[in-house]
Structure formats: C-alpha cells, structure tokens
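A.B. asks: have a look at this fold, sequence not included:
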C-alpha cells in the first residue's frame, strides 16, 4: 500500500511536469503545424535563467521573470528565424529547430559551464510537509503540484473562456478570416510560440532544482515530451494531459517495482541465473514510454485524442 501511494503521488507530480512541457509544444503544433525539436531547450533555459536570476532577486521573482525571458527568446526565434524558414516547408522547420537545440546547448555550456549548477530548492520550501507511512514528504513536491494545476487551469480558461482564446482557435482553423477581421495573424503565431516557450521555461524553473540543471537536461527529457505529444494526439491538449499522466504513472510504478523477471515468471521456470531472469522492471522504466509510442503508432496512429495521423 505504501509503495502504491508514493508511486501515485510521484507519478502525478512527474506527469504534470511533463504536461507543462508538452502543453507548450502541443499549442505550437496545433497553431502553426511546427514540431519544435528545440522545445526542451527552452525548458533548460528556464532552469538556467531561474538559477541566475535567483542569485540576484531570489527564487520567487525568478519564478515569474525566467518564463518571461524564455518567452521573449522564443518570440525572437519565431520572428527572425522560424517565420522565414516556415515558407520552405516542414523539413526545413525540423532542421532549423534541430540545429537550434544544439546551438542553445553549446551556448549554455559556454555561459554556465559543462557541469551541473547548484540550482537548489528555496529554503522556504525545503522542508517536510507531512509524514506518510513513516516517511517525510517534501513540501516542494506539493508546490510543484500546485503550480502545475494552476497552469493547467489558467491555460484551459484562456483558451476556452476568453476572447483571446477564441481568436487563437480561429487563427488555427480560419487564418484568412481572422486577418480580414483586422487581427495580425503572424503576430498571433509569434505570441503563441512565445507562450509555448514560456510554459516550457516555467517547467524548467520548478523542475530544474527538483531534478538537475545541466547542459544535457534538454536531451534527457526532450524525447519523452515528444512521446507525450504523439501518444496524446498531435494538437490535442486534452490528449497531452492524459498521456502525461499515463507516462508519469507508468514510469514511477515501474521504478517502484524492484522485482526481476525471474521472480515474476518463476512459475514458468525462468531462472535468475540467466541474463533475461536478472532483468528488473525498474531497469525497463526508461524504455516504457518508447514502447508505448511504438504500440500507439502501430495501433492508433492519430493518438488518444488527436485528429491527425502520421
């Protein structure tokens, strides 16, 4: 019971962190049709910006300033880079964002160094909030949960209940009509791209000190974010939310299960002396999202709630 409860809590928090990352990517793709390979790099920038700003302003100011800085960087990328490449098709966009990811990584290494920085949990949140089954549960994880839920609620309200959300959704389906009504559609696209990058930056602010802030952090979590988007369905925020939680629970439950194949399949005569028998469920955890991706592309190419097939 203890293992199940902790796996549920940790899976929920990790899943919501994945959603914070994937929601921005989903928003960008649904609006612009751009599959941004550099999206996780903006997550990394959010962590590094928060680390630097936090040294001067403290964590709470950095929590608001860092995503704004990342969003501004995303707006510059769209305005002076991606917009010019967009006319040349999706292959050019993929190559542009792929190259941009490496450029950002190298810039991070030049500015902050090649090793992890000491981006730590703020002292105000670095304590145990409650005791569960005799174990202390950190307050910062609950803070991450609250921020993620607040972001989810704010994004849903913005897109579904405000005039800005109506204009954004109309720009997706009827861009020419929106332009004839007097709205600057390219500027809307730029702002959407900036907002998606800012969401990734926010995930970096609250996830960078929870995990680790280092130059390779984008490439370690980036592939999982794309798995979330594909499994949920390209362009579907609801699908991205479900897929994020599914992958979060899947990985955390796998890590919490320390059983080997020999123990699970002992009824079939599988011995722990063989290579297969010594494999543990926990060791397969990093592979599980990609197994889910392969199965989804085979059985349901448009994802859980998507409308476009691959």
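C.D. replies: Perfect, thanks for sending it. It should be emphasised that the depicted structure is a prediction, and the values quoted were computed from it without experimental measurement.
A.B. asks: and residue 173, how many neighbours does it have?
C.D. replies: Neighbour count of residue 173, defined by other Cβ atoms under 10 Å: 8. To be clear about C-beta, it is placed using only N, CA and C from the backbone, and glycine gets the same treatment.
A.B. asks: same deal with the one 5 residues further on?
C.D. replies: With neighbours defined by other Cβ under 10 Å, the count for residue 178 comes to 20.
A.B. asks: list the buried residues for the helix or strand containing it?
C.D. replies: Counting by DSSP states H and E, the secondary-structure element that holds residue 178 is helix 175-180. By neighbour count, with 16 or more other Cβ atoms under 10 Å as the criterion, the buried positions of helix 175-180 are 175, 178.
A.B. asks: any idea how far the helix or strand of the chain with the lowest mean pLDDT is from the chain center?
C.D. replies: Averaged element by element with mean pLDDT, DSSP states H and E, the chain has its least confident helix or strand at helix 261-264 (a mean of 72). Relative to its parent chain, helix 261-264 has a centroid offset of 33 Å by Cα atoms, centre = their mean, to the nearest Å.
A.B. asks: contacts for that helix?
C.D. replies: In this structure, residues lying in contact with helix 261-264 by Cβ atoms under 8 Å, 6 or more residues apart in numbering are 270-272, 274, 276-281.
A.B. asks: so how far is residue 57 from residue 69?
C.D. replies: Plainly put, residue 69 is 12 Å away from residue 57 if you go by Cβ to Cβ, to the nearest Å.
A.B. asks: which of these two has more residues huddled nearby?
C.D. replies: Using other Cβ under 10 Å, the more surrounded residue of residue 69 and residue 57 is residue 69, with 19 against 15.
A.B. asks: hang on, the more buried one packs against residue 201?
C.D. replies: Yes. In this structure residue 69 lies within contact range of residue 201 using Cβ atoms under 8 Å: 7.3 Å.
A.B. asks: list the residues that contact both of those two?
C.D. replies: Contact criterion Cβ under 8 Å, 6+ apart; residues shared by residue 69 and residue 201: 45, 49.
A.B. asks: what is the longest helix along the chain packed up against?
C.D. replies: Of all the segments assigned as helix in the chain under DSSP state H, the longest by residue count is helix 2-32. Taking 3 or more Cβ pairs under 8 Å, 6 or more residues apart in numbering; DSSP states H and E as contact, the helices and strands that helix 2-32 lies on are helix 39-57, strand 128-132, strand 135-138, helix 139-161, helix 163-173, helix 185-208, helix 217-232, helix 237-256.
A.B. asks: what about residue 208, how many residues nearby?
C.D. replies: Each residue near residue 208 was counted by other Cβ under 10 Å, and the total is 25.
A.B. asks: now do it against residue 97, distance only.
C.D. replies: 21 Å.
A.B. asks: who touches the nearest residue to residue 54 once chain neighbours are set aside in this structure?
C.D. replies: The shortest distance from residue 54 to any non-neighbouring residue, by Cβ to Cβ, 6 or more residues apart in numbering, is to residue 62 (4.2 Å). By Cβ under 8 Å, 6+ apart, the contact set of residue 62 is 49-51, 53-54, 205.
A.B. asks: now do residue 62 against residue 51, distance only.
C.D. replies: Distance of residue 62 to residue 51, computed by Cβ to Cβ: 8 Å.
A.B. asks: you'd agree residue 164 is up against residue 157?
C.D. replies: No. In this structure, residue 164 is not within contact of residue 157 by Cβ under 8 Å, at 10.4 Å.
A.B. asks: follow-up on the earlier one: name the residues of the least confident helix or strand of the chain that are buried.
C.D. replies: Applying 16+ other Cβ under 10 Å to helix 261-264 flags 261-262 as buried.
A.B. asks: where in this structure is pLDDT low?
C.D. replies: Along the chain, the model assigns pLDDT under 70 to residues 1, 267-269, 272-273, 307-310.
A.B. asks: okay, the nearest residue to residue 190 once chain neighbours are set aside and residue 96: tell me how far apart.
C.D. replies: Distance criterion Cβ to Cβ, 6+ apart; nearest residue to residue 190, sequence neighbours excluded, is residue 78 at 4.8 Å. Distance check for residue 78 against residue 96: by Cβ to Cβ, it reads 11 Å.
A.B. asks: of these two, which one has the most company?
C.D. replies: More neighbours sit around residue 78 than around the other of residue 78 and residue 96, counting by other Cβ under 10 Å; the figures are 25 against 20.
A.B. asks: roughly how far apart are that one and residue 279?
C.D. replies: Taken as Cβ to Cβ, the span from residue 78 to residue 279 is 45 Å.
A.B. asks: just residue 185 next, same as before
C.D. replies: Distance from residue 185 to residue 279, by Cβ to Cβ: 52 Å.
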